[in-house]
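Colleague: Here is the input, now give the coordinates:
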Amino acid sequence: MRNNIIIRGASENNLKNVSLSIPKHQITVFTGVSGSGKSSLVLDTIAAKSRRELNDTFPTFVQQYLPKYGRPHVEAIENLPIAIVIDQKKPAQNSRSTVGTYTDIAALMRLLFSRVGKPFVGYAESFSFNHPEGSCPRCSGLGEIRELDIHKLVDFDKSLNDEDTIHYIAFGKGGWRWIRYAHSGLFDLDKKIRDYTPEELDLFLNSPQIRLKNPPSNWPKTAKYEGLIPRMYRSIINSEEGLLHAAVLNPMLRMGTCPDCGGTRLSPRVLKCKIESGRGTLNIAEACSLSITRLNQWVKAIADPLAVDLKAAISARLTALEEIGLGYLSLDRGVGTLSGGEAQRCKIAKYINSSLSDVLYILDEPSTGLHNHDIQLMKHSVQRLRDAGNTVLLVEHHKEMIAMADHVVDLGPGPGADGGNIIFEGSYDELLKSGTDTGVMLSQSGDFKQAPRTPLAFNQLRHANLHNLQDVSIDLPLGVFAVVAGVAGSGKSSLMQSMEKIATDLVYISQKSIGVSLRSTPATYMDVAPDIRKLFARKYKLRESYFTFNGQGGCPVCGGKGVIVSEMAFMDNIETTCEACGGLRYSKEALQYKLAPLSFKEGQEGGSSLSIAEVMDLSVRAACRFFAGTSIEEKLRPLMDVGLGYLHLNQALSTLSGGELQRLKIASHLGEKGRVFVIDEPTDGLHPKDVRRLIDLFERMVDEGNTVYAVEHNTDVIKAADYVIELGPGAGELGGRILFAGPPTQMLQCHDSVTAPYLKS
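Modeller: Numbers count the residues shown, from 1 in each chain. Next up is the predicted model:
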């Protein structure tokens, strides 16, 4: 049995004491409706167990610097390899992080130029914009200048003794930065800045770092005085602090491309070093600005014998990025501009060339945001990971990705409390005959809409050139359900962003965070929490704050957190369930009050009187029954309509996926009329059954007098649309053109369409 990962008694989240055996050195795909327990099993149990036990092998002192993973609820896991999770979390925003640095190719490029470039300017670090040797002196390697508007920083009509004379953190009266000017003895603190003599003003604003000749007694002995402007540039504008407090700093700055380096971030000396290739002579900035496909061709054409080994290493990594469909990116592209899917594919490409074997790779919905054309490239890359002697686990909904599996595990049968069971294990062909929701939906194919709507009017977009759009002019229909299609990076989102300038009443619903806090829940987001507290307060003639764990109703022992956290110095903190409230967060006094349902059937969830904690722990579906006929049910009904009935009222929104957050946003807009909704890839993370429900929802929104644009790859959604706009044919500089606009059935006759062949099949 060493050839299998054996799991016994997994009960994380909604898992029902799950036990199974997963074959090693194969591709296993986990399927099931949204909320059925796939991520709970694969990520929260298998991955968490592997990573936690790996961390335990390090010294205790080192563990404090490693990521923390919760202890999964599982009896035992045997034969578990080291797990590498390739998820869709975007890298941390950092202006100095690029595709080149993220994939480690930039380090090899620097080595190549230090070895082969002419004239020789230094070793590898000299070619880094993150190193003083290579960075542009004027912009400090940021590629843009941020020039300070001194009149937005300083109020010249005030003195240093006035409040808020210098409008930045710690420069206020008494602040630690203010002290360096007030305690210098150089200025009259009650004199207005505008009344300073030219010499005083120059000293205050422009002085370089100097030692004071006769400093006052309260001046630090080792301190140097520095003028306000050079200090702002040195310690704030050109440092990480400027990024951290950008909201405060940016209004005081004039932004623009650095004129000295032209945005390349590198010093003029470094830019003079070039490499001659059969495809042109370039410096490192010019090479890194090429698309990965063109850069690969340029590297391969370098004839210098000193470059042989480095050419092979660089080309192997560039080829891996090409083969996974990222040939349109460039190494100098900031990682902050990548989508979650692009970042995930960068990680996969990075591991394809790894020498590691017998590793467990866990991929979380790698098909997200991918056109069917790109899916074929993704499949090839995943198979390469397996063929290198590794085990691959995928959480997936896409038919093509499921079809390539060596083994399939289907969870369900429903979401939330109705899920958490394994309802099928076997091959893909066996899944199609299994009779499960997944098997039934995969064996069917959506039909083209028989009678597509005719647009009521059009918005005229002319000469759009945002990002990679190539002078696009198009009439965008209104009063229909429209799909914007095309390969990843073809310009779909750019087209929709351009539409924002011409459309009125436009609502853009992406999968980005909706500004949730740790205390945000479906009950607070849909504004039913105050209504529920009012019912309890009215019945028992108490204040509403008596029924909130953030107020009077909170457990006095744990402060309404439900857990007690014991800090263990540099070891992991220990979290224990609060014994006083049993983890319910409320005080014993608040829990003694019960509320009876207004309407219920015998045996239904929510059929008895419940405390405030029990009411808040109801699923949306059960809460609709409990509060039937009230405004609370009316507010919760949209969540049912978007397929989120399995969420609990008190579930932290921080635990929801991007797709669930997106549907939560859609729910908050249901019932509105006359709006133009742009919804970015709404089927991401959705089971085919949920996709069908989403299509019905869009139809209803259009019937109510709205326009819906879905940026989408799903062929069933495209077939169900009234109107399709396809961009392409490729990604990046190869895209940005309109290939087709019209009803989806007419798309089949469009020879330029990249999507049409997949609609036919």
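
Colleague: From now on I want contacts and neighbour counts done on CA atoms only, so please keep to that.
Modeller: Noted.

Colleague: how deep is R693 tucked in, by neighbour count?
Modeller: Neighbours of R693 under the rule other C-alpha atoms under 10 Å: 14.

Colleague: should've said K539
Modeller: For K539, the neighbour count with other C-alpha under 10 Å is 11.

Colleague: any idea how far L595 is from it?
Modeller: 8 Å (C-alpha to C-alpha, to the nearest Å).

Colleague: Report pLDDT for R294.
Modeller: We have a pLDDT of 95 for R294.

Colleague: err, S135, not the other one
Modeller: 93.

Colleague: Which residues lie in contact with it in this structure?
Modeller: By C-alpha atoms under 8 Å, 6 or more residues apart in numbering, the contact list for S135 reads F127, S128, F129, G141, R265, L266, S267.

Colleague: got a list of what the residue of the chain positioned farthest from its centre touches?
Modeller: Largest separation from the mean C-alpha position in the chain: N214, at 54.8 Å (C-alpha atoms, centre = their mean). N214 is in contact with no residue at all, counting by C-alpha under 8 Å, 6+ apart.

Colleague: Regarding it, what is its secondary structure?
Modeller: coil (DSSP: H, G, I helix; E, B strand; the rest coil).

Colleague: before we move on, what about F740?
Modeller: strand.

Colleague: now it, nearest residue through space, not along the chain?
Modeller: Residue nearest to F740 in three dimensions, not counting chain neighbours: E726, with 5.2 Å by C-alpha to C-alpha, 6 or more residues apart in numbering.

Colleague: Any idea what that neighbour is bridged to?
Modeller: A485, F740 (DSSP bridges).

Colleague: ok so, going back, farthest-separated two in the contacts of S135?
Modeller: Within these, two members stand farthest from each other by C-alpha to C-alpha: F127 and G141, at 10.9 Å.

Colleague: more crowded one of these two?
Modeller: In terms of neighbours (other C-alpha under 10 Å), F127 is the more surrounded of F127 and G141; the figures are 30 against 26.

Colleague: check contacts around I738.
Modeller: I738 neighbours (C-alpha under 8 Å, 6+ apart): V472, I725, E726, L727, G728.

Colleague: all helices for the stretch 201-350 of the chain, in order.
Modeller: Assigned by DSSP state H, counting those that start in this stretch, the stretch 201-350 of the chain shows helices spanning 228-232, 240-244, 246-249, 268-271, 284-288, 292-300, 308-323, 340-352.

Colleague: I meant to write the stretch 501-650 of the chain there.
Modeller: Going by DSSP H, counting those that start in this stretch, the stretch 501-650 of the chain shows helices at 522-525, 529-540, 588-591, 612-616, 620-626, 631-641.

Colleague: and the third one, what does it pack onto?
Modeller: The reference is to helix 588-591. helix 612-616 (3 or more C-alpha pairs under 8 Å, 6 or more residues apart in numbering; DSSP states H and E).

Colleague: So for stretch 740-757, what gets flagged as buried?
Modeller: Judged by neighbour count (16 or more other C-alpha atoms under 10 Å), stretch 740-757 contains these buried residues: F740, A741, P743, P744, T745, M747, L748, S753, V754, T755, A756.

Colleague: which stretches of the stretch 451-600 of the chain form strands?
Modeller: 457-464, 472-478, 481-485, 506-509, 563-566, 574-577, 594-595 (DSSP state E, counting those that start in this stretch).

Colleague: Out of the ones you listed, which one sits most buried?
Modeller: strand 481-485 (a mean of 29; mean count of other C-alpha atoms under 10 Å).

Colleague: Can you show me the CA trace of that one as PDB?
Modeller: Provided in PDB are the C-alpha atoms of strand 481-485 (Å, rounded to 0.1, in the frame of the first residue of the first chain):
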ATOM      1  CA  PHE A 481     -27.000  38.800 -22.200                       C
ATOM      2  CA  ALA A 482     -23.600  39.200 -23.900                       C
ATOM      3  CA  VAL A 483     -20.400  37.200 -23.500                       C
ATOM      4  CA  VAL A 484     -16.900  38.600 -24.100                       C
ATOM      5  CA  ALA A 485     -14.600  35.700 -25.200                       C
END
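
Colleague: and the gap between the residue nearest to F740 and I502?
Modeller: According to C-alpha to C-alpha, E726 and I502 sit 20 Å apart.

Colleague: Between the two, which has more neighbouring residues?
Modeller: Neighbour tally, E726 and I502, criterion other C-alpha under 10 Å: the higher count belongs to E726, 27 against 12.

Colleague: on that earlier part again, could you check how far the residue nearest to F740 is from R663?
Modeller: Counting by C-alpha to C-alpha - E726 and R663 are separated by 24 Å.

Colleague: What about the contacts of S135, which are in strands?
Modeller: Judged by DSSP state E, strands contain none of the contacts of S135.

Colleague: Tell me the one among the residues you listed nearest to V717.
Modeller: When the contacts of S135 are ranked by distance to V717 (C-alpha to C-alpha), R265 comes first, at 43.8 Å.

Colleague: Do you know the pLDDT at the closest one?
Modeller: Reading off the model, R265 has pLDDT 93.

Colleague: Kindly report the same for S39.
Modeller: 91.

Colleague: Could you check which helix or strand contains it?
Modeller: Assessed by DSSP states H and E, S39 sits inside helix 38-41.

Colleague: just the CA coordinates of that helix, formatted as PDB?
Modeller: What follows is helix 38-41, C-alpha atoms only, in PDB (Å, rounded to 0.1, in the frame of the first residue of the first chain):
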ATOM      1  CA  LYS A  38     -13.200  19.400  -2.100                       C
ATOM      2  CA  SER A  39     -10.900  22.100  -0.700                       C
ATOM      3  CA  SER A  40     -11.600  20.900   2.800                       C
ATOM      4  CA  LEU A  41     -10.200  17.500   1.900                       C
END
